[in-house]
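**Student:** Task: produce atomic coordinates for the following.
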Amino acid sequence: MSRDLLENPLCEPDELGRPIPDSPHAVSVCLPTWRDNVGYEEDDPRVHGRISTGYPRFVYNGLCRKLFSVCTERFGKPGEESLAFPTEAAARRFTDYLERHADARLPTHPFGVHNVHAVCFPREQAGVAKSGWQHCGEGISSRQAEAVLAGRAYDLGSEAKQTLRRRIAGLAGVGADDVFLFPCGMNAIYRAHRALCRLFSDRKSVQFGFPYVDSLKVQQKFGPGVHFFPRGDDDELAQLQQLLHSEPISGLYTEYPSNPLLVSPPLDRLRQLAERHDFPLVVDETLATFVNADVLPVADVITTSLTKFFSGIGDVTAGSLIVNPHSRFHAALVEELNDGDEDLFWGEDATVLERNSRDFPERMPRINATAERLAESLQTHPKVARVDYPKFRTREAYQSLLKPKAGFGGLLSVLVEDAPECAPRFFDALQVCKGPNLGTNFTLACPYTILAHYQELDFAESCDVSPFLVRVSVGLEDAGDLIDRFERALGAV
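**Tutor:** Numbering: from 1, shown residues only. Here you go, the predicted model:
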């Protein structure tokens, strides 16, 4: 991470396209105005011409693009592009996706270094290829691409991975053997879904509550399908109960709390349904974090994006999956997850993550406290229509699993009054880092719905996710300074 963001987390990297942080492996990019974010979604050359990096599942990292070009030169035909994957099995799963969604059965090509395999495809299928890369999270990482291009030796990162497993296990209250590591959080969810689809091949899954976009896409595009309950309220809980009396499911997926509405599901009641109807409950606790909450009493599987608060720096992606040792599905799930013993998590990424996460338990209480002060300040501001934050939404459900002296997390969403006119002005005036991602040690804001649901804004709004919502991930800055910056931005609307 660049020294300016470490020493002054509230620095304003307001240059369009600048990596956030200043690293070739940055997982965010500066989109400083509302117009820039819309331009990004609409493929505006003014915006895309300035972007060299971004969130790696959505924007191909520059180092990865260099490797893709080498692969195209070596294996491609005229009119083709290519992507690279860390293993042959991952590349084959990608070609399976292309076959299902683009009716194209393509070969994989061994690169000859570090087990990397390339897949070449017709240029007109680039959009479908990008969706497969995005949903599964199995593409090659920027550090592995860099190592391949530089001819560096293979780094297993075995010691770092074992340290990470032990660290996560200690925070979650399980054994290290029940912790599995993946190259990103979405790959942990995809891997859980693959395992459950194999265990219950003819059953649909359930998504309870409005989730992060790709969590739903994985269930929609892989396997038998999904029953979606977007509001996750009492009415939909009753509908779920009716469904379960007539149809078995492969598993129920939910977020605690949800992204971006910060709603917490009734996990105790979902646990009762899981016991009664014999299905595994998969809980993504990324926003609550291991430091704040203990979901082990209710979850069969816990997924986490380690890219976020666990890392904090914003220069590496990773994910974890925990199988509850007390779950009746434990043995079957562990067997599925160990099938083939395929490790997609690049060793150098593990080494960086291990270093980044050493102070995670010390960082979160500070982030909790600052986020709570900011949320309370915004909640009472006359120009703010709504603040989504666990303290204000489904508070009892969130607090039911909190650890002693824990907090409400570092994420909140803001909807200003007269949002169609005022939200862009508020966002443009806000003097914090602005780009996708969350959980960084510096505050990071984005017009979430524009970035995540631009092609389905009406659908998102029907689920209470406004097109004008601004999501804020709070960092380690001085709380008073941060609140002043939001006050000044609101003063501009």
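
**Student:** what about D418, how many neighbours?
**Tutor:** Under the neighbour criterion other CB atoms under 10 Å, D418 is assigned a count of 12. (C-beta placed from N, C-alpha, C; glycine too.)

**Student:** sec struct for V298, please.
**Tutor:** The three-state label given to V298 by DSSP: H, G, I helix; E, B strand; the rest coil is coil.

**Student:** L401 is in contact with that one, correct?
**Tutor:** Yes: taking contact to mean CB atoms under 8 Å, the distance of 7.1 Å between V298 and L401 places them in contact.

**Student:** Now list whatever residues contact both of those two.
**Tutor:** With CB atoms under 8 Å, 6 or more residues apart in numbering applied, the overlap between the contact sets of V298 and L401 consists of L267.

**Student:** What segments of the stretch 51-200 of the chain are helices?
**Tutor:** In the stretch 51-200 of the chain, helices defined by DSSP state H, counting those that start in this stretch lie at 62-75, 88-102, 126-136, 142-150, 158-172, 185-199, listed in chain order.

**Student:** mind checking which of the ones you listed is nearest S305?
**Tutor:** The closest approach between S305 and any of the helices of the stretch 51-200 of the chain, judged by CB to CB, belongs to helix 185-199 at 2.6 Å.

**Student:** what's in contact with the following helix or strand past the closest one?
**Tutor:** With elements assigned by DSSP states H and E, the helix or strand that comes after helix 185-199 is strand 205-208. Taking contacts as CB under 8 Å, 6+ apart, the residues outside strand 205-208 that touch it are 193, 196, 215-216, 219, 223, 225-229, 232, 236, 240, 243, 249-254, 265, 270.

**Student:** Among those residues, name the ones in helices.
**Tutor:** The helices in this structure, assigned by DSSP state H, contain 193, 196, 215-216, 219, 236, 240, 243, 270 from these.

**Student:** any idea how far I302 is from A318?
**Tutor:** As judged by CB to CB, to the nearest Å, I302 and A318 stand 15 Å apart.

**Student:** Narrow the contacts of strand 205-208 to those that are buried.
**Tutor:** The neighbour count (16 or more other CB atoms under 10 Å) marks 193, 196, 215-216, 219, 223, 226-229, 232, 240, 243, 249-254, 265, 270 as buried among the contacts of strand 205-208.

**Student:** could the helices of the stretch 51-200 of the chain be laid out in CSV, adding mean pLDDT?
**Tutor:** Written out in CSV, the entries for those read as follows (pLDDT from 0 to 100):
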stretch, mean pLDDT
helix 62-75, 98
helix 88-102, 95
helix 126-136, 97
helix 142-150, 97
helix 158-172, 98
helix 185-199, 97
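
**Student:** what about those helices, which gets the closest to S82?
**Tutor:** Between S82 and the helices of the stretch 51-200 of the chain, the shortest separation by CB to CB is 4.1 Å, and it involves helix 62-75.

**Student:** packing partners for that closest one?
**Tutor:** strand 80-85, strand 109-110, strand 117-122, helix 142-150 (3 or more CB pairs under 8 Å, 6 or more residues apart in numbering; DSSP states H and E).

**Student:** So for the second one, mean pLDDT?
**Tutor:** The predicted model gives strand 109-110 an average pLDDT of 98.

**Student:** Name the surrounding residues that touch it.
**Tutor:** Contacting residues not belonging to strand 109-110 are listed as 71, 74-75, 88, 116-120 [CB under 8 Å, 6+ apart].

**Student:** run the last query once more with 10 Å
**Tutor:** Residues from elsewhere that reach strand 109-110, judged by CB atoms under 10 Å, 6 or more residues apart in numbering: 71, 74-76, 82, 84, 88, 91, 116-120.

**Student:** which among those end up buried?
**Tutor:** Neighbour counting by 16+ other CB under 10 Å classes 71, 75-76, 82, 84, 91, 116-120 among the contacts of strand 109-110 as buried.

**Student:** which of the residues you listed are the two that sit furthest away from each other?
**Tutor:** Taking every pair in the buried ones among the contacts of strand 109-110 and measuring CB to CB, the maximum separation is 15.3 Å, between G76 and V116.

**Student:** so where is this protein shaky, pLDDT-wise?
**Tutor:** Using pLDDT under 70 as the threshold, the predicted model of the chain has low-confidence ranges 1-13, 341.

**Student:** So it: which segments form each domain?
**Tutor:** Listed domain ranges for the chain are 3-47+360-491, 62-140, 158-358 (source: automatic domain parsing).

**Student:** circling back: looking at the buried ones among the contacts of strand 109-110, which is nearest E138?
**Tutor:** When the buried ones among the contacts of strand 109-110 are compared for distance to E138 (CB to CB), A91 comes out closest, at 8.6 Å.

**Student:** Do I have it right that that closest one meets A84?
**Tutor:** Yes: using CB atoms under 10 Å as the test, A91 is close enough to A84 to be in contact (8.1 Å).

**Student:** Mutual contacts of the two, please.
**Tutor:** Both A91 and A84 are in contact with 109, 111, 116-119, 139-140, where contact means CB under 10 Å, 6+ apart.

**Student:** residue contacts, A423?
**Tutor:** Taking CB under 10 Å, 6+ apart as the criterion, A423 is in contact with 34, 385, 414-417, 447, 450, 466-470, 493.

**Student:** Could you rerun that using 8 Å?
**Tutor:** By CB under 8 Å, 6+ apart, A423 lies in contact with 34, 415-416, 447, 468-470.

**Student:** What is the most widely separated pair among those residues?
**Tutor:** W34 and L415 (14.1 Å).

**Student:** G79: neighbour count?
**Tutor:** Under the neighbour criterion other CB under 10 Å, G79 is assigned a count of 9.

**Student:** Could you check how far the nearest residue to it once chain neighbours are set aside is from P78?
**Tutor:** If the residues on either side of it in the chain are set aside, G79 comes closest to R123, at 5.4 Å by CB to CB, 6 or more residues apart in numbering. Here the criterion is CB to CB. By it, R123 lies 10 Å from P78.

**Student:** how about the helix ranked longest in the chain: buried residues?
**Tutor:** With secondary structure taken from DSSP H, the chain has its longest helix at helix 360-379. By neighbour count, and taking 16+ other CB under 10 Å as the criterion, the buried residues in helix 360-379 are 360, 363-364, 366-368, 370-372, 374-375, 377-378.

**Student:** I'd like the residues you listed as CSV, with distance to H326 appended.
**Tutor:** As requested, the buried residues of helix 360-379 are exported to CSV (distance: CB to CB, whole Å):
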residue, distance to H326
F360, 25
R363, 30
M364, 26
R366, 33
I367, 30
N368, 28
T370, 35
A371, 32
E372, 33
L374, 38
A375, 35
S377, 41
L378, 40
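
**Student:** quick one: which of those is nearest to A176?
**Tutor:** Closest to A176, out of all of those and judged by CB to CB, is F360, at 16.6 Å.

**Student:** which helices and strands sit right next to the longest helix of the chain?
**Tutor:** Contacts defined by 3+ CB pairs under 8 Å, 6+ apart place helix 360-379 against helix 289-292, strand 384-388, strand 411-416, helix 479-491.

**Student:** what's the angle from that helix to strand 384-388?
**Tutor:** Going by axes from the mean of the first three to the mean of the last three CA atoms, to 10 degrees, helix 360-379 is angled at 150 degrees with respect to strand 384-388.

**Student:** Give me the residues contacting helix 360-379.
**Tutor:** Applying CB under 8 Å, 6+ apart, the set of residues contacting helix 360-379 is 167, 171, 289, 291-292, 309-310, 312, 384, 387, 389, 391-392, 405-412, 414, 441, 472, 474-477, 479, 482-483, 486-487.

**Student:** what does stretch 164-174 give?
**Tutor:** 175-179, 181, 290-291, 294, 296, 302, 304, 306, 320, 322, 324-325, 350, 353-354, 357, 360-361.
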